[in-house]
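Undergrad: Take this sequence and fold it.
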Amino acid sequence: MEQKSYDFLEYTTSLCPECLKTVPGKIVARDGRVYIRKLCAIHGRQEELLEDNSTYFIHRNEFSRPGSACELQTESRNGCPYDCGLCPDHEQHTCIGLIEVNTGCDMRCPTCYAESGRPGELSLPTLQRMIDFYITSEHGNAEILQLSGGEPTLHPQILDVLAYARSTKLAYVMLNTNGLRIATDEPFVKELARLVGNFEVYLQFDGLDGRVSEKLRGRDYMREKLQTVQMLEKYNVPTTLVMTVQAGENDGQIGDVIAFAMRHRNIRGVNFQPVAFFGRRSVAAPPQNRATLTGVLQKIETQTAGLVKAADFAPLPCDVDRVAVTFLYRKRGTYVPVTRGVDLRQYLPFIRNTFAFRAEEFIAATNDAGSCCGMLGRFSPSFLLKSKADRVQYINDNVFRMSVVSFLDAYNYDMKAMQKECVHVITPDLHKIPFSAYNLLHRSKYVSHYLTTN
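TA: A predicted model of the protein is given here:
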């Protein structure tokens, strides 16, 4: 009897990219890769690439843990992903709350998920209410706030917004920026430096080749990007590089970006984001060769010559389907993965459901439990002799984080992954919508808020 060409792994609900209706789907493995096979009653059978490494995908759930509760804003009526707000079907609290302060931008990137460009911004009182709502919705324990846009540095009161956010109980504040203003406005950078302490710049940085910038961003911005990095380093502003990865365009520069980041003491890590096919990319051809989370992990290993291996990454327990993380420590001029040779599954009780991984807190907890010899031994022997403040500073200076965050579009949509997504857009009418669902289905509802609220 002839065998099927694939191994059936899981049943899921997906989306038809033609009509954006939910459709039944199977997640299958074939030739070491993972695909979603769908059946739309109108548009027929479809198959889309989900992951490049089936072994990682199959074992990801070993790291999963129950989600954390937060306040809900909507009821379940039409089903996921149409009821977003958050609804009772959502399985995870907000790890990162994202507030888009404006819609205007000084770039026009072909990859822009927000299709930014048309001027408009929210008022300071509106943004303050949104920040307060985010904190309240997390029972007073909101963690990471990311201020985005548009290009947020163009908002006329962005420093006031940042100052207000830093004055609250938020654990961490990020400014998500293309960096063009930072490259030339030194007084502005000096003001950012005043915020340092649970604050960082989340800097768009797609590679070291001007041709990549032209392809992904519309023109060659490399001179400005390098000026931005120099300015942030001059004032020691903590920075994470954010690399949008597009297959066949810049996925060959992943190792170069990592090496570049490691040469700058103020750069605390790199986040890789495979291109999601919504926004300006929604009209692209079906992404048969798309960049995936596991594909990025494989390229990290190859392009760093094994300095960082795919096996050094672990699925983030609160979102095992779409996020992988690792941490490296500085040792004699190089970096070594903290997770190298360690079975992280034994540490799951000490890993909280959050992107806001506090290494100092994690090490202390595991050490108190008598299970941290493998972890603690990677740091300086004097680590535990330091004060808490000194330990935090030591880790900030010597730990380098890397993450891969892969969002969902109509092609790779998986209902379970959507319901665990923990990056949520905070909306002006005080709802929280998963980032992927917002850009797939809900963004157009909120455009008028930015054009009328000034």
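Undergrad: Listing request: residues of this structure with sub-threshold pLDDT.
TA: Residue ranges of the chain with pLDDT under 70: 1-2, 117, 280-287, 347-393, 396, 451-454.
Undergrad: Just give me the residue right at the centre of it.
TA: residue 405 (4.5 Å; CA atoms, centre = their mean).
Undergrad: Figure out the length between the terminal residues of stretch 254-274.
TA: 11 Å (CA to CA, to the nearest Å).
Undergrad: Tell me which residues of that stretch come out buried.
TA: Residues 254-255, 257-258, 260-262, 266-274 are the ones in stretch 254-274 that count as buried (16 or more other CB atoms under 10 Å). Quick note: C-beta positions are derived from backbone N, CA and C, even for glycine.
Undergrad: now, which of those lie within strands?
TA: 267-274 (DSSP state E).
Undergrad: Tell me which stretches of the stretch 51-200 of the chain form helices.
TA: 54-59, 124-137, 158-167, 180-184, 186-194 (DSSP state H, counting those that start in this stretch).
Undergrad: can you state the direction angle for the second one and helix 158-167?
TA: Right, the one you point to is helix 124-137. Here helix 124-137 runs at an angle of 20 degrees relative to helix 158-167 (axes from the mean of the first three to the mean of the last three CA atoms, to 10 degrees).
Undergrad: other SSEs contacting helix 124-137?
TA: Helices and strands touching helix 124-137, by 3 or more CB pairs under 8 Å, 6 or more residues apart in numbering; DSSP states H and E, are strand 96-100, helix 158-167, strand 423-426.
Undergrad: Distance to residue 234 and mean neighbour count added to these, as CSV?
TA: Listed next are those as CSV, based on distance: least, CB to CB, whole Å; neighbours: other CB atoms under 10 Å:
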stretch, distance to residue 234, mean neighbour count
strand 96-100, 28, 23
helix 158-167, 19, 18
strand 423-426, 30, 24
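Undergrad: The ones you listed into JSON lines, with extra columns for distance to residue 278?
TA: Formatted as JSON lines, the helices and strands packed on helix 124-137 follow (distance: least, CB to CB, whole Å):
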{"stretch": "strand 96-100", "distance to residue 278": "15"}
{"stretch": "helix 158-167", "distance to residue 278": "26"}
{"stretch": "strand 423-426", "distance to residue 278": "13"}
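Undergrad: which among the buried residues of stretch 254-274 gets closest to residue 437?
TA: residue 273 (16.7 Å; CB to CB).
Undergrad: thinking again about what came up before, dump the helices of the stretch 51-200 of the chain into JSON lines; add distance to residue 329 as well.
TA: Putting these into JSON lines (distance: least, CB to CB, whole Å) gives the following:
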{"stretch": "helix 54-59", "distance to residue 329": "24"}
{"stretch": "helix 124-137", "distance to residue 329": "32"}
{"stretch": "helix 158-167", "distance to residue 329": "28"}
{"stretch": "helix 180-184", "distance to residue 329": "28"}
{"stretch": "helix 186-194", "distance to residue 329": "25"}
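Undergrad: And the ones you listed: which comes nearest residue 29?
TA: Relative to residue 29, the nearest member of the helices of the stretch 51-200 of the chain by CB to CB is helix 54-59, separated by 4.0 Å.
Undergrad: What lies in contact with that closest one?
TA: Helix 54-59 is contacted from outside by 9, 29, 32-34, 50-51, 294, 297, 310, using CB atoms under 8 Å, 6 or more residues apart in numbering.
Undergrad: buried subset of those residues?
TA: Among the contacts of helix 54-59, those scoring as buried are 9, 29, 33-34, 50-51, 294, 297, 310 (criterion: 16+ other CB under 10 Å).
Undergrad: hmm, back to that, closest one to residue 304 out of the ones in strands among the buried residues of stretch 254-274, please.
TA: residue 270 (11.2 Å).
Undergrad: so how far is residue 163 from the closest residue to residue 162 other than its chain neighbours?
TA: The shortest distance from residue 162 to any non-neighbouring residue, by CB to CB, 6 or more residues apart in numbering, is to residue 195 (5.9 Å). Distance of residue 195 to residue 163, computed by CB to CB, to the nearest Å: 7 Å.
Undergrad: cool, residue 18 as well?
TA: 46 Å.
Undergrad: My read is that residue 104 contacts residue 149, right?
TA: Yes. Between residue 104 and residue 149 there is a contact under CB atoms under 8 Å: 7.2 Å.
Undergrad: So these two - more neighbours on which side?
TA: residue 149 (24 against 18; other CB atoms under 10 Å).
Undergrad: need the contact list for that one.
TA: Contacts of residue 149 by CB under 8 Å, 6+ apart are 100-105, 114, 116, 155, 176.
Undergrad: Residue 211: which of the residues you listed is nearest?
TA: Nearest to residue 211 among the contacts of residue 149: residue 105, at 21.6 Å, using CB to CB.
Undergrad: A helix includes residue 401, no?
TA: No. Assignment of residue 401 by DSSP: H, G, I helix; E, B strand; the rest coil gives strand, placing it outside any helix.
Undergrad: Contacts only, for the nearest residue to it once chain neighbours are set aside.
TA: Of all residues not flanking residue 401 in the chain, residue 269 sits nearest, at 3.7 Å (CB to CB, 6+ apart). Listed by CB under 8 Å, 6+ apart, the contact set of residue 269 reads 240-241, 261, 400-403.
Undergrad: With just CA atoms, put stretch 211-227 into CSV.
TA: Provided in CSV are the C-alpha atoms of stretch 211-227 (Å, rounded to 0.1, in the frame of the first residue of the first chain):
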residue,chain,number,x,y,z
ARG,A,211,21.3,47.1,-1.3
VAL,A,212,19.3,45.3,1.4
SER,A,213,18.2,48.7,2.7
GLU,A,214,17.0,49.6,-0.8
LYS,A,215,15.1,46.4,-1.1
LEU,A,216,13.4,46.4,2.3
ARG,A,217,13.3,50.1,3.1
GLY,A,218,13.0,51.8,-0.2
ARG,A,219,16.5,53.4,-0.4
ASP,A,220,20.0,53.1,1.1
TYR,A,221,19.9,54.2,4.7
MET,A,222,23.2,52.6,5.8
ARG,A,223,25.0,55.9,6.5
GLU,A,224,22.2,57.1,8.7
LYS,A,225,21.9,53.7,10.5
LEU,A,226,25.6,53.7,11.4
GLN,A,227,25.4,57.3,12.6
